[in-house]
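[1] Here you go, sequence then predicted model.
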Amino acid sequence: MILTNRLFERVPPSREAKSIFIFCEGAKREFDYFEYFKELDSRINIEVYKLHPHENNSPLGLLDIAEKCIIISDENPNPKYNFIEGDEVWIVLDTDKDKDFSREPQVEIIRKKCSGLESWSLAQSNPCFEVWLYYHLHTEKPDMNNSEICTEWKQLVNTSINGGFDSRRHPIYIASASKNASKNFIAIDGKPEIGSTEVFNLANAIIPLVGTKLEKVLKEIEK
């Protein structure tokens, strides 16, 4: 089922409520996924940063964008977002290795940076965001060769979910995804093992904000 306007009415968000600011290196799939929840209930303060083609989407490039959008400084007196106490910032990254092996050190810098900033968190998937998408409709970690390769996960998601993952309707199963991903999560030295994803932590921040609306849409699907 694809959302239609009859499932929600446009109401301006209240700035008294908590805001969640999400920065993803993926300009399409990740953005569309998280934008679903913003469209699900217009009263919810979820901001998903839209990367432009010319912007640096490396892990450190994404961190730089997030800092400029959130943190006030003498050099940056008017950031894009109005971050207040109680808000959360999430940086969503893949583990996928690059040819010059520069990615992993960058991710570790971000992990340490987020641990030192109040309300900043890293949600890393190993090897890619498709691990998180997979758990929306699967309860167990897949038994697959080349499980460290992103293209293999993308193919798995496309073939194991009827019609492939559709960001216009499948995000509604975020609660199931959180449960499944959490159950199959393994971390080594503080980092997700292959086939694991930390995105369930971000999901657990989103779910309380949209819980009532999630229930309403799920009831519509069951009819």
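    Sure, I can see it.

[2] What ranges does this protein have for its strands?
    19-24, 45-48, 88-94, 120-126, 187-188, 191-192, 196-197 (DSSP state E).

[3] Quick one: list the elements packing against the last one.
    Looking back up the chat, that one is strand 196-197. strand 120-126, helix 130-134 (3 or more CB pairs under 8 Å, 6 or more residues apart in numbering; DSSP states H and E). From N, CA and C alone the C-beta is placed, and that goes for glycine too.

[4] What helices and strands are in contact with the longest one?
    To tie it back to what came earlier, the one meant is strand 120-126. Strand 120-126 packs on strand 88-94, helix 103-115, strand 191-192, strand 196-197, helix 199-222, going by 3+ CB pairs under 8 Å, 6+ apart.

[5] could the ones you listed go into JSON lines alongside mean pLDDT?
    Listed next are the helices and strands packed on strand 120-126 as JSON lines, based on pLDDT from 0 to 100:
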{"stretch": "strand 88-94", "mean pLDDT": "97"}
{"stretch": "helix 103-115", "mean pLDDT": "94"}
{"stretch": "strand 191-192", "mean pLDDT": "94"}
{"stretch": "strand 196-197", "mean pLDDT": "98"}
{"stretch": "helix 199-222", "mean pLDDT": "88"}
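
[6] can you name the farthest residue from the center of this structure?
    Residue farthest from the centre of the chain, counting by CA atoms, centre = their mean, is residue 74 at 30.3 Å.

[7] if we can go back for a sec, would you mind finding the most buried of the helices and strands packed on strand 120-126?
    Ranked by mean neighbour count under mean count of other CB atoms under 10 Å, the helices and strands packed on strand 120-126 are led by strand 196-197, which reaches a mean of 27.

[8] partners of it, with directions?
    Partners of strand 196-197 in the sheet, by DSSP bridges, are strand 120-126 (antiparallel).

[9] The partner strand versus helix 199-222: what angle between them?
    Calculated by axes from the mean of the first three to the mean of the last three CA atoms, to 10 degrees, strand 120-126 forms an angle of 80 degrees with helix 199-222.

[10] and strand 120-126, average pLDDT?
    Averaged across strand 120-126, pLDDT comes to 97.

[11] and what of stretch 141-150?
    The model assigns stretch 141-150 a mean pLDDT of 91.

[12] Leaving out chain neighbours, which residue sits closest to residue 107?
    residue 59 (5.2 Å; CB to CB, 6 or more residues apart in numbering).

[13] what separates the one you found from residue 220, distance-wise?
    Note on residue 59: its distance to residue 220, by CB to CB, to the nearest Å, is 38 Å.

[14] What about the closest residue to residue 76 other than its chain neighbours, how many residues nearby?
    Take residue 76 and drop its neighbours on the chain: the residue closest to it by CB to CB, 6+ apart is residue 68, 5.8 Å away. Around residue 68 there are 13 other residues, counting by other CB atoms under 10 Å.

[15] got the end-to-end distance for stretch 78-87?
    End-to-end distance of stretch 78-87 (CA to CA, to the nearest Å): 17 Å.

[16] oh sorry, the question was meant for stretch 19-36
    Using CA to CA, the distance between the terminal residues of stretch 19-36 is 15 Å.

[17] in it, what's buried?
    Applying a neighbour-count criterion of 16 or more other CB atoms under 10 Å, one finds 19-26, 29-36 buried in stretch 19-36.

[18] Please give the centre-to-centre distance between it and its chain.
    6 Å (CA atoms, centre = their mean, to the nearest Å).

[19] Which residues outside that stretch are in contact with it?
    3, 45-51, 53, 57-59, 62, 65-66, 69-70, 81, 83-84, 87-94, 129, 133, 167-168, 171-172, 202, 205-206, 209 (CB atoms under 8 Å, 6 or more residues apart in numbering).
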